[in-house]
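**Student:** One predicted model, sequence on top.
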Amino acid sequence: MQAENVESKVKIANDVVGKIATIAALEADGVVAMGNNITTEVLSKVGMKNIMKNVKVDIFGHDVKIDIAVTVNYGINIPAVSSAVQDKIKQAVENMTGLSVSDVNVRIAGIDLPENR
């Protein structure tokens, strides 16, 4: 008996890529929250859906473009943190999905001041 070649396709939703990117961004040193109004401590209470407004994902075939907004700690090197966020997101998305990340645009939406801690 000869096995038939069955071509299967996997489609990954933009929200799935966005969640991967969000988790990866929050793992970067210096990032304290997504966007400018929600801390990671509140994240568990309000859920992932509310922070997804801080991530935009565009998938074109096997290429992905990600725009993400984060809040960082006061006093850190913003370009270094942005670069770390880009690297973490690119690595996580590519490893988990097999897609190729062409762009990760990081917007610093806020700074967590010492009196906010």
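**Tutor:** The structure has been received and is ready for your questions. Predicted model only: the values in this text are computed from it and were never measured.
**Student:** Quick check, central residue of this protein?
**Tutor:** Nearest to the geometric centre of the chain sits residue 21, at 2.0 Å (CA atoms, centre = their mean).
**Student:** So which other helices or strands are in contact with the longest strand anywhere in the chain?
**Tutor:** For the chain, the longest strand by residue count, based on DSSP state E, is strand 100-112. When contacts are defined as 3 or more CB pairs under 8 Å, 6 or more residues apart in numbering; DSSP states H and E, strand 100-112 packs onto strand 31-34, strand 63-73, helix 78-97. No exception for glycine: its C-beta is placed from N, CA and C like everyone else's.
**Student:** If we use 7 Å, what do you get?
**Tutor:** strand 63-73, helix 78-97 (3 or more CB pairs under 7 Å, 6 or more residues apart in numbering; DSSP states H and E).
**Student:** of all those, which gets the most neighbours per residue?
**Tutor:** Highest mean neighbour count of the helices and strands packed on strand 100-112: strand 63-73, a mean of 20 (counted as mean count of other CB atoms under 10 Å).
**Student:** and stretch 108-117, which residues are buried?
**Tutor:** By neighbour count on 16 or more other CB atoms under 10 Å, the buried set for stretch 108-117 is 108-110, 112.
**Student:** In a helix, the residue nearest to the centre of the chain, correct?
**Tutor:** Yes: judged by DSSP: H, G, I helix; E, B strand; the rest coil, residue 21 forms part of a helix.
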